[in-house]
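> Provided below are the primary sequence and the corresponding predicted coordinates.
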Amino acid sequence: MEGLYGFLTMLDSFLGGAFWFPYVLLGVGLFFTIYLKFPQIRFFKHAWQVVTGKFDKESDPGDTTHFRALTTALSGTVGTGNISGVAFAIFLGGPAALFWMWVTAFLGMTTKFVEVTLSHKYRVKTEDGTMAGGPMYYMDRRLNMKWLAVAFAIATVVSSFGTGNLPQSNGIAQSIEATFGFEPWMVGSVLGILLALVILGGIQRIAAFTARVVPVMAVIYLIGALAVIFANLENIGPSFTAVIGDAFTGSAAAGGFLGASLAYAFNRGVNRGLFSNEAGQGSAPIAHAAAKTKEPASEGMVSLLEPFIDTILICTVTGLVILSSGVWKEKHQNVFDRSDMFFVAGQYDDAKQDDVNKLYGYLNDIEGNEVEPYTGSITVVNGTAVSDGFTLLNARSVAEDVKYSVGSEDLFTGTLKIENGKPIKDNLEVSGKSLVHSAALTTIAFTRGFFGDFGQYIVSIGLMLFAFSTAIAWSYYGDRAMTYLLGPRSVMPYRVIYVAGFVWAAFSDTTLVWALSAVAIVVMTLPNLFGIMMLSKEMKETVNDYWSRQKNGK
């Protein structure tokens, strides 16, 4: 299992984690933005008119309305990335990461416009009478690249579990357990039943559910976020200055010695932007293919609103909550995750600039740094280390007030062996003060507003609704991919396995799944970007024809 995880991690480093991937993603978005004359600006007003039903016709082919197609696609993108993803991007890349998320979203509005239009144009009616669409259909029916379509569809099925299902369930269960104390298996079982009731009804029930839940969950989350922003209003101006200024100077430091270079912030922001709004990945076109319309470009108009709502609005609000509250630069009491924890040889203090520079070099793999991982033994008495010669780093900061326990309660006494910076005792739990990231950071930030400690419940409820709706949307993406691969009869077995996986993941380790999903996302994205570039001329003709008829009232 560890060998497979290592292989997937290595493979991802050559794909999504590679230096060239953000440039490819943004490059395609920039090309179409210029080639189509800034459609995210020109058609922005028209897009709202389409989504509100101004041009709806009941007789048009399709399974659902423009609005419900939008909320279904949004339910797939507005998820844990808006809560934990933004926090993780700022933790790794500083305030500048938010700026690059904006850039990714702005250009992604055009990318999504293109991929949805083309996918909608080549959608098909299946044997069971429902619509099926997505990049695999234009790859097959227009580009005559069935092998590419099959690869994309398989990657979509894998991503439906790795992105939309297993980690979402696991995240919900952990959040509910931490906040309300319910056992993960209980949470998984209850939500698994609810998931089954929704997705077994197909796109009609999925669209109806998301049309009600997405607006509600967005309002709840925004109310909690605005309570923090207005409570820290004096910090909003400096926060914007840091976001924009650091994007061009690369001078951000996310607390401790996290120093974010310009290239690092760029990479983190672009990758988290893709994870958040999925522009270019090819997932949203599957949902939009169900919309009732004879005009593929009109549904493309609707889709360009997604990155705007998901990233430019919701992710920005999350970022401002984290930055204005100041929690991203503070150390907080927490239980250390082994993947975030490293022992280094020597004693360092992150209040000293010279030590900060040395540790920065170590954490960012700068050639010539003198810090080395610690190997040796540590003597611990009643949970406190009494020997020296080492420094414990957690979440890229020097840990303070550290306690070592066996399990969650008994303080450890004895000798702790460390090899190459990692403790080798399996049941060891280490806690103390350090920087935090992901959902934990957003949760703490939400307590710094008018609602006080009650703000943490808003994050937990928001995380549950966001993640659950993401699981619902991705079940539809997966079942359309299965329809393409094996036909409509494969959909029900897929749904049953999907629900079973959702329940299982609530109390299981999904680390391997995340690694597999990271690879699958890129296997979806690169063929999709290649395909839409191949059809760029056709896209322009389709849009120009549609817009000409709209201006002439036809």
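Arrived safely.

> show me where the stretch 301-450 of the chain has helices.
Secondary structure of the stretch 301-450 of the chain (DSSP state H, counting those that start in this stretch): helices at 305-307, 316-325, 353-363, 438-445.

> With Thr470 as the reference, measure out to the residue nearest the centre of the chain.
Nearest residue to the geometric centre of the chain (C-alpha atoms, centre = their mean): Gly81, 3.2 Å. According to C-beta to C-beta, to the nearest Å, Gly81 stands 9 Å off from Thr470. For every residue, glycine as well, the C-beta is placed using N, CA and C.

> Do I have it right that Leu392 meets Asp340?
No: with contact defined as C-beta atoms under 8 Å, Leu392 does not reach Asp340; the gap is 10.8 Å.

> More neighbours: which of these two?
For Leu392 versus Asp340, the count of surrounding residues by other C-beta atoms under 10 Å is larger for Leu392: 24 against 17.

> residues near the closest residue to the more buried one other than its chain neighbours, how many?
Spatial nearest neighbour of Leu392, excluding adjacent residues (C-beta to C-beta, 6 or more residues apart in numbering): Ala399 at 4.4 Å. If you count neighbours by other C-beta under 10 Å, Ala399 ends up with 24.

> One more: Glu234?
With other C-beta under 10 Å as criterion, Glu234 counts 8.

> so where do the strands sit in the stretch 401-550 of the chain?
Per DSSP state E, counting those that start in this stretch, the stretch 401-550 of the chain carries strands over the ranges 410-411, 414-419, 422-423, 428-434.

> partners of the third one, with directions?
Paired neighbours of strand 422-423 in the sheet (DSSP bridges): strand 414-419 (antiparallel).

> ditto for the longest one
The strands beside strand 428-434 in its sheet (DSSP bridges) come out as strand 332-335 (antiparallel), strand 400-406 (antiparallel).

> can you list those in a markdown table and add mean neighbour count?
Shown next, in a markdown table, are these (neighbours: other C-beta atoms under 10 Å):
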| stretch | mean neighbour count |
| --- | --- |
| strand 332-335 | 14 |
| strand 400-406 | 17 |
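
> With mean pLDDT as new columns, can those strands be given to me in TSV?
Formatted as TSV, the strands paired with strand 428-434 follow (pLDDT from 0 to 100):
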stretch	mean pLDDT
strand 332-335	90
strand 400-406	92
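
> Make CSV from those strands and add distance to Ile41 to it.
Formatted as CSV, those follow (distance: least, C-beta to C-beta, whole Å):
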stretch, distance to Ile41
strand 332-335, 41
strand 400-406, 49
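
> out of those strands, which comes closest to Pro167?
strand 332-335 (19.6 Å; C-beta to C-beta).

> Need the phi and psi values for Thr64.
phi -150, psi 170 (degrees, to the nearest 10).

> Could you measure from Thr379 over to Thr442?
Thr379 is 37 Å from Thr442, by C-beta to C-beta.

> So those two - more neighbours on which side?
Thr442 (31 against 13).

> Contacts only, for the more buried one.
83-84, 86-87, 318, 321-322, 459 (C-beta atoms under 8 Å, 6 or more residues apart in numbering).

> What sits closest to Lys425 if chain neighbours are left out?
Here the residue nearest Lys425, using C-beta to C-beta, 6+ apart, is Leu416, at 6.2 Å.

> I figured the one you found hits Val380, correct?
Yes: in this structure Leu416 lies within contact range of Val380 using C-beta under 8 Å: 5.5 Å.

> Need the residues touching each of those two.
Tyr404.

> sorry, back to before: so which of the strands paired with strand 428-434 gets nearest Asn544?
strand 332-335 (54.0 Å).

> For burial, what's the neighbour tally of the residue lying closest to Leu98 once chain neighbours are set aside?
Leaving out its chain neighbours, the residue that sits closest to Leu98 by C-beta to C-beta, 6+ apart is Gly319, at 4.3 Å. Gly319: 29 surrounding residues under other C-beta under 10 Å.

> now swap in Ile34 and tell me
Using other C-beta under 10 Å: Ile34 sits among 10 other residues.

> got it, and Lys422?
15.

> got it, and Leu535?
21.

> measure the closest residue in space to it that isn't next to it in sequence to Thr104 for me?
Spatially, and ignoring its direct neighbours in sequence, Leu535 is nearest to Leu118 (5.6 Å; C-beta to C-beta, 6+ apart). Using C-beta to C-beta, one obtains 20 Å as the distance from Leu118 to Thr104.

> Who has more neighbours out of those two?
Shown here are Leu118 and Thr104; by other C-beta under 10 Å, Thr104 has more neighbours (31 against 28).

> what stretches of the stretch 351-500 of the chain score poorly on pLDDT?
Scanning the stretch 351-500 of the chain for pLDDT under 70 picks out 408.

> Same question for the stretch 51-200 of the chain.
Judged by pLDDT under 70, the stretches of the stretch 51-200 of the chain that qualify are 62, 76, 79-80.

> can you map out the helices along it?
Going by DSSP H, counting those that start in this stretch, the stretch 51-200 of the chain shows helices at 66-77, 80, 86-93, 96-121, 135-141, 146-162, 166-180, 184-199.

> Nearest to Ser548, out of those helices?
helix 96-121 (15.2 Å).

> Going by neighbour count, list what's buried in the closest one.
Neighbour-count burial for helix 96-121, counted by 16 or more other C-beta atoms under 10 Å, picks out 96-121.

> Check stretch 205-215 too.
Applying 16+ other C-beta under 10 Å to stretch 205-215 flags 206-211, 213-214 as buried.

> Tabulate those residues (a markdown table), appending pLDDT and secondary structure.
Shown next, in a markdown table, are these (pLDDT from 0 to 100; DSSP: H, G, I helix; E, B strand; the rest coil):
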| residue | pLDDT | secondary structure |
| --- | --- | --- |
| Ile206 | 79 | helix |
| Ala207 | 75 | helix |
| Ala208 | 78 | helix |
| Phe209 | 80 | helix |
| Thr210 | 76 | helix |
| Ala211 | 76 | helix |
| Val213 | 79 | helix |
| Val214 | 76 | helix |
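
> Throw the residues you listed into TSV and include distance to Phe336, thanks.
Shown next, in TSV, are the buried residues of stretch 205-215 (distance: C-beta to C-beta, whole Å):
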residue	distance to Phe336
Ile206	39
Ala207	43
Ala208	43
Phe209	38
Thr210	37
Ala211	42
Val213	35
Val214	35
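
> how long is stretch 85-98 end to end?
Using C-alpha to C-alpha, to the nearest Å, one end of stretch 85-98 lies 11 Å from the other.

> so how far is that stretch off the chain centroid?
12 Å (C-alpha atoms, centre = their mean, to the nearest Å).

> now stretch 226-240
That offset, for stretch 226-240, works out to 24 Å (C-alpha atoms, centre = their mean).

> now stretch 389-403
28 Å.

> and the end-to-end length of it?
Using C-alpha to C-alpha, the two ends of stretch 389-403 sit 17 Å apart.

> related to what we said a few turns ago, and of the contacts of Thr442, the nearest to Leu200?
Ile83 (27.8 Å).
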